[in-house]
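S.K.: Could you look at this predicted model? Sequence included:
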Amino acid sequence: MTLKSVAKTLSVSTATISNAFSRPDQLSKSLREKILKECSTLGYHGPNITARSLRKGKSGVLGVLLSDPLSYYFNDPVANQFLSGIAETVEQHQKQLLMLSGADSGKTNTGIESLPDSFIVYGSQEHNPLYNRIIQTGKPIVTVDFDAPEFGSINVDNQAAAYEVASYALKKRSAPHAAILGLRLIHSERVCRITDDELYDESESVARRRLNGYKQAAEESNIALSSELIWHIPHNTFALAKRAAKELLSVTPRPNIILCMSDVIASAVLNVAAEMGVSVPAEIGVVGFDDIPEASRTSPPLTTICQKSKEKGKQAVLMLVKGDTSSKILMPTELIVRDSA
């Protein structure tokens, strides 16, 4: 049934029906409850959001474009914190949230990107057709964890943060011998070591900027970081990180400092070290990046970089709510010193 036909059946105005669903403050409690009950009996469940957005020019929906399959964002703790910050702030401003995945978006074109009023774009969107279609809508966009010149953005200084945590770890060893467990350093789905010519450009990859920070700290400490001791892990999962950690801890001579590009990776190193009887931090120092909630509960607790992922999500929503789509926000990070290094 349509809004008009329901209003005619109940002998009220279309505005009254609409208010019962979307503006309850405009009706008395008893009248609203009566209308909703009668609408339910008729099988009418509210105004069509697409039609309403076409009529008013606004849907009240905020879109979040993600670069990986949606399932990844429910399992990855950093992405989970980020989306939690978005969800809390969206609810506070009485809006709805639509999550879109850029993974395999070239295979389908549903046109769903026309519904949201504005978009948060999370992570690099290289070769993503859906991202290009969203740009063509001309709607407000804020990017997070990558920068596009024409849009507002929220980032952290990944290179400076990585430099800080690596410098701290290297100074804790009298004869430091370092290795890196990297995340998405090259275009490969395999857990593997890398060569220099395979690396992403700095503009493409947060991980590349973190790698530059590690290298900068090593150079200042006169330490050679061989590419043979840099691993690429394609996805931020415990299983893949554990595979890389087993390879790394079996190297002879074994590094005594392991710089990890995420806390998930670092926790896998701690797990493998415990299985192999390698003492942390006595024999190896381990540092992470992100400061996920689990980082303080590992054994030993993890030294890491806090990048306030939840706050990124909140700030991104607030920028769009305020109409600020030009600011380039660089959020602060903090070195969190615990026992693993």
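M.R.: That came through, no problem.

S.K.: And the average pLDDT for stretch 143-154 is what?
M.R.: Stretch 143-154 shows a mean pLDDT of 93.

S.K.: Now do the end-to-end distance for that stretch.
M.R.: Terminal residues of stretch 143-154 lie 6 Å apart, using C-alpha to C-alpha, to the nearest Å.

S.K.: Pull out the buried residues from it.
M.R.: Going by neighbour count (16 or more other C-beta atoms under 10 Å), the buried part of stretch 143-154 is T143, V144, D145, F146, F151, G152, S153, I154. (C-beta placed from N, C-alpha, C; glycine too.)

S.K.: Equivalent analysis for stretch 86-94, please.
M.R.: By neighbour count with 16+ other C-beta under 10 Å, stretch 86-94 contains the buried residues I86, A87, T89, V90.

S.K.: That stretch: how far from the chain's middle?
M.R.: Distance of stretch 86-94 from its chain centroid, counting by C-alpha atoms, centre = their mean, to the nearest Å, is 17 Å.

S.K.: Also stretch 217-237?
M.R.: 23 Å.

S.K.: same deal with stretch 303-323?
M.R.: Distance of stretch 303-323 from the chain centroid (C-alpha atoms, centre = their mean) equals 10 Å.

S.K.: and it, which residues are buried?
M.R.: For stretch 303-323, a neighbour-count test (16+ other C-beta under 10 Å) marks 303-310, 312-317, 319-320 as buried.

S.K.: Next, give me the two most distant ones among those residues.
M.R.: Farthest pair in these (C-beta to C-beta) is T303 and L320. Separation: 34.9 Å.

S.K.: on that earlier part again, narrow the buried residues of stretch 303-323 to those in strands?
M.R.: Secondary structure assignment by DSSP state E places T304, I305, C306 of these in strands.

S.K.: for the second one, which residues make a bridge with it?
M.R.: The bridge-partner assignment for I305, based on DSSP bridges, gives L335.

S.K.: Contacts only, for it.
M.R.: By C-beta atoms under 8 Å, 6 or more residues apart in numbering, the contact set of I305 is A161, A162, E164, V165, G288, F289, D290, D291, T333, E334, L335, I336.

S.K.: 6 Å instead, please
M.R.: Contact analysis of I305 by C-beta atoms under 6 Å, 6 or more residues apart in numbering lists A161, V165, F289, T333.

S.K.: which of the buried residues of stretch 143-154 lies closest to N271?
M.R.: D145 (26.7 Å).

S.K.: is it true that R338 touches T303?
M.R.: Yes. The pair R338 and T303 qualifies as a contact (C-beta atoms under 6 Å) at a distance of 4.9 Å.

S.K.: so the residue most central in space within the chain is in which element?
M.R.: Compute the mean C-alpha point of the chain, and by C-alpha atoms, centre = their mean the closest residue is A79, 3.5 Å away. Following DSSP states H and E, one finds A79 within helix 77-92.

S.K.: Domain boundaries for the chain, per the record?
M.R.: 3-47, 61-154+310-329, 158-308 (automatic domain parsing).

S.K.: end-to-end on the first one?
M.R.: For domain 3-47, the first and last residues are 6 Å from each other (C-alpha to C-alpha).

S.K.: Where does pLDDT dip in the protein?
M.R.: 48-57, 104-109, 196-204 (pLDDT under 70).

S.K.: residue ranges for the helices of it, please.
M.R.: Here the chain has its helices, by DSSP state H, at 3-10, 14-22, 29-42, 49-56, 70-75, 77-92, 129-137, 158-171, 206-220, 238-249, 263-276, 309-321.

S.K.: looking at these, which is closest to R297?
M.R.: helix 263-276 (9.3 Å).

S.K.: Bridged to the closest residue to L70 other than its chain neighbours, which residues?
M.R.: Excluding its sequence neighbours, the residue lying closest to L70 (C-beta to C-beta, 6 or more residues apart in numbering) is S101, at 4.9 Å. Assessed by DSSP bridges, S101 has beta-bridge partners L66.

S.K.: Tell me how far S101 lies from G60.
M.R.: Distance, S101 to G60, using C-beta to C-beta, to the nearest Å: 22 Å.

S.K.: Ok, F146 next?
M.R.: Distance from F146 to G60, by C-beta to C-beta: 27 Å.

S.K.: distance of N80 from Q315?
M.R.: N80 is 17 Å from Q315, by C-beta to C-beta.

S.K.: Then Q81?
M.R.: For Q81, the distance to Q315 equals 13 Å [C-beta to C-beta].
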